[in-house]
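Asks: Need coordinates for the following:
(4 chains)
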There are 2 protein chains.
Amino acid sequence: MLIRVDPSSETPIFAQVAASVRADAAAGRLRSGDRLPSAREVAASLGVNLHTVLRAYQLLRDEGLVDMRRGRGAVATDAVEPLARLHHDIEALVARARTLALSPDALAALVKETYR
Amino acid sequence: MLIRVDPSSETPIFAQVAASVRADAAAGRLRSGDRLPSAREVAASLGVNLHTVLRAYQLLRDEGLVDMRRGRGAVATDAVEPLARLHHDIEALVARARTLALSPDALAALVKETYR
DNA sequence: AGAACTGTTCTAGTATTTATAGAACAGTTG
DNA sequence: CAACTGTTCTATAAATACTAGAACAGTTCT
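Replies: Below is the predicted model:
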C-alpha cells in the first residue's frame, strides 16, 4: 500500500492520507483483512508528523473502515468492500465532470451538498 | 433563491454558501442570467459577516459560475448549465452511497481523490 | 523473558485558516 | 442625487492544522 500526499494542496494532510486509503479501498487495492502500513512508517516516508497520520487513521476508524489496536496496527474491515462497488459510478461521474472543466473541489462539494 | 447553512457543520461557512449555490444550479433552480441575492442580504439573513459571503461568491467567480460587478451584483453565467447535466448522475451515486451508510464527507473525499 | 514493534495519551508550541468588525471606495441603477 | 452593488483596506479573535517530544500499554516474534 502506497499512501500519496500533495503538499501544495489546500486539503489538510490528514484528510489526504485518509482519502488515499479510501481510494485504495475503492480501487480494490485494499481488501478486508489487509493491514495498513504503521503510522510511524507512513509519517517517516511522507515527512510528516506521527500525530498527523494517526489523525487520519482515527478518522478511518470512526468511519468503520479500519480496526485499530496497539501492537497490532490498523487493519481494513469488511466495510471497505462496499466502497469497491461505488468505484465504477464514481469514475463515470468524474469522467463527465472532467469534460465540463469542473474543479475537483467543486464536484466534491456538490456531491456532499446533495448528500445532506 | 434560498441559501442554507448548517452552523453545526464542520464545513466552513463560506464553503457551505458556495455549495448551496452550486446545488441550486445543479437542480435547475439557478439558471444562466439569474441574479444571486446581494451579499449583504445573504449575510443579514444568515446572521454571518458580509466578508464571509463575499468569499463564497468570489470562489464561485473563480470557478466561472458567476459574474460579479459592483453595483450590479452576482449573476449566474452559462457555466451553470452543465452542472444540471450532472445532477442525475450525482443523485444516483448519492443514493447508492446512502444504502452503504457511507458518510457524506467520506464520499466527497473519495470523489475528489478519484478526480486527481 | 525480552526485544521490537504497534497504537494511545499527554502537554506544548507555532502557523494557518476562518470569521468577525468597521470604514471607505467605486461603479450601477432608478 | 440617492440607494444600491461589489471592492479594498486594516484589525482582531477564535478555531484548526501541524509539529514536537515523552511516556504508556498492548501485541508479536525470537
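Asks: Is chain B within reach of the helix ranked longest in chain A?
Replies: For chain A, the longest helix by residue count, based on DSSP state H, is helix A:80-99. Yes - under the criterion of CB under 8 Å from any CB of the partner chain, helix A:80-99 makes contact with chain B via A:82-83, A:85-86, A:89-94, A:96-98. Quick note: C-beta positions are derived from backbone N, CA and C, even for glycine.
Asks: now these: which count as buried?
Replies: A:P82, A:L83, A:L86, A:D89, A:I90, A:L93, A:V94, A:R96, A:A97 (16 or more other CB atoms under 10 Å in any protein chain shown).
Asks: Would you mind measuring from the nearest residue to A:E63 once chain neighbours are set aside to B:I3?
Replies: Excluding the flanking residues, the one nearest A:E63 by CB to CB, 6 or more residues apart in numbering or on different chains is B:A106, at 5.4 Å. Remark: distance between B:A106 and B:I3 (CB to CB, to the nearest Å) = 25 Å.
Asks: Of the two, which one has the most company?
Replies: In this view B:A106 and B:I3 are compared by other CB atoms under 10 Å in any protein chain shown, and B:A106 has more residues nearby, 23 against 20.
Asks: What's the separation between that one and DNA strand C?
Replies: 18 Å (CB to the nearest atom of the strand, to the nearest Å).
Asks: quick one on the thing from earlier: among the residues of helix A:80-99 next to chain B, find me the one that's closest to DNA strand D.
Replies: A:L83 (22.4 Å; CB to the nearest atom of the strand).
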